[in-house]
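*Asks:* Okay, here's the prediction I keep looking at, along with the sequence it came from:
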Amino acid sequence: MTPDTAQTGAVTIETENDPYGLRDLTGRARVVLWDFDGPICRLFAGHSAEQVASGLVSWLESRGLHGLLTETERESLDPHVVLRAVDRRHPGSDLVAELEERLTQEELRAASSAWPTAYADPLIRTWTAVGSRLAITTNNSPRVVRKYLAGRGLADCFAPHIYGRTQELHHLKPHPHCLNRALNAMGVAPGDALMIGDTPSDREAAEGAGVPFLGYARNERKAKLLKKAGADVVLDSLEPLLRLLRLRRP
């Protein structure tokens, strides 16, 4: 029989001859840990992350805290960079708690206009159907994740295993804390899990937790960053995974 093949920009996957070990990588995963913003959706597709970061910086400046951030941090255009920077200087403070809540509110607004990642919804449902358990391990607020998943009819595929940002901001990825929480709660060994992520911090967190990693990159720039960070397998589409999993369905 001719092998069913799927070509992506990163790898060629053959269901009968899989030199990258993708079938083995997914086949032994009793639990799949998903990053949220990237593999499941583009959270800030319609609500710019750059504008959110700028808004957080402006709020700090309005409180006379312009000097709290370095010039690089002020210009990072990444809201998590701003949040982490303030937490490093004032850990556990009311200022950090208020800034984190402001970011959460912006993420909640963004969830209403987020773009689903192509093939993510059917892949999530199919992975659930073939008996794997799923969890979210993310630096975003768990409130945001629950809102998005409910809107897509996917909440039951993950609940209650959503592990997102807490007040302990030093535990954000690349720290493996959220992955370890998921593994402990689900009673699974790291080697029996798989993480799907789209950033170097995801890969580093997976390595720290001892969990095999599968990279997803929606463009070549992200793919290069993942490969540079040591990701062995990087896909530019989730479709090959969906094809493989559908072969397992009863």
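*Replies:* Thanks, I have it. Worth saying up front: this structure is predicted, and the values here are computed from it rather than measured. Numbers count the residues shown, from 1 in each chain.
*Asks:* OK, contacts around the residue most central in space within the chain?
*Replies:* Centroid check for the chain by CA atoms, centre = their mean gives residue 35 as the closest residue, at 1.9 Å. Residue 35 sits next to 136-138, 195-199, 202 when contact means CB atoms under 8 Å, 6 or more residues apart in numbering. Bear in mind the C-beta positions are built from the backbone N, C-alpha and C, glycine included.
*Asks:* Identify the residue nearest it in space, chain neighbours excluded?
*Replies:* For residue 35, ignoring the flanking residues on the chain, the nearest one in space by CB to CB, 6 or more residues apart in numbering is residue 197 at 4.0 Å.
*Asks:* how about the one you found, phi and psi?
*Replies:* Its backbone dihedrals place residue 197 at phi -140, psi 170, with angles given as degrees, to the nearest 10.
*Asks:* tally of neighbours for it?
*Replies:* As a burial measure, residue 197 scores 28 neighbours (other CB atoms under 10 Å).
*Asks:* same thing with residue 204?
*Replies:* As a burial measure, residue 204 scores 18 neighbours (other CB under 10 Å).
*Asks:* contacting residues for residue 198?
*Replies:* With contact set as CB under 8 Å, 6+ apart, residue 198 has these partners: 35, 38-39, 215-218, 222, 226.
*Asks:* Could you rerun that using 6 Å?
*Replies:* Remark: with contacts taken as CB atoms under 6 Å, 6 or more residues apart in numbering, residue 198 is in contact with 38-39, 216.
*Asks:* Relative to residue 187, which of those residues is nearest.
*Replies:* Each of the contacts of residue 198 was checked against residue 187 using CB to CB; the closest is residue 39, at 23.5 Å.
*Asks:* any idea which element that closest one lies in?
*Replies:* Secondary structure assignment for residue 39, by DSSP states H and E: no helix or strand.
*Asks:* gap between it and residue 120?
*Replies:* Look at residue 39 and residue 120: by CB to CB, to the nearest Å, they are 7 Å apart.
*Asks:* who's more crowded, those two?
*Replies:* residue 39 (25 against 21).
*Asks:* confidence score at the more buried one?
*Replies:* pLDDT, the model's per-residue confidence, is 98 for residue 39.
*Asks:* Pretty sure residue 195 is one of the things it touches, is it not?
*Replies:* No. Applying CB atoms under 6 Å as the test, residue 39 and residue 195 come out as separate, 9.5 Å apart.
*Asks:* Might one say that residue 238 is in contact with residue 116?
*Replies:* No. Residue 238 is beyond contact range of residue 116, at 10.7 Å (criterion: CB under 6 Å).
*Asks:* So which of the two has more stuff around it?
*Replies:* Counted by other CB under 10 Å, residue 238 and residue 116 do not tie: residue 238 has more neighbours, with 22 against 15.
*Asks:* Who are the contact partners of residue 179?
*Replies:* Residue 179 makes contact with 33, 137, 205, 209, 211, according to CB under 6 Å, 6+ apart.
*Asks:* Recalculate using a threshold of 7 Å.
*Replies:* 33, 137, 195, 205-206, 209, 211 (CB atoms under 7 Å, 6 or more residues apart in numbering).
*Asks:* Pull out the buried positions in whichever helix in the chain runs longest.
*Replies:* Longest helix of the chain, by residue count under DSSP state H: helix 94-111. For helix 94-111, the neighbour count (16 or more other CB atoms under 10 Å) marks 95-96, 99-100, 102-104, 106-107, 110-111 as buried.
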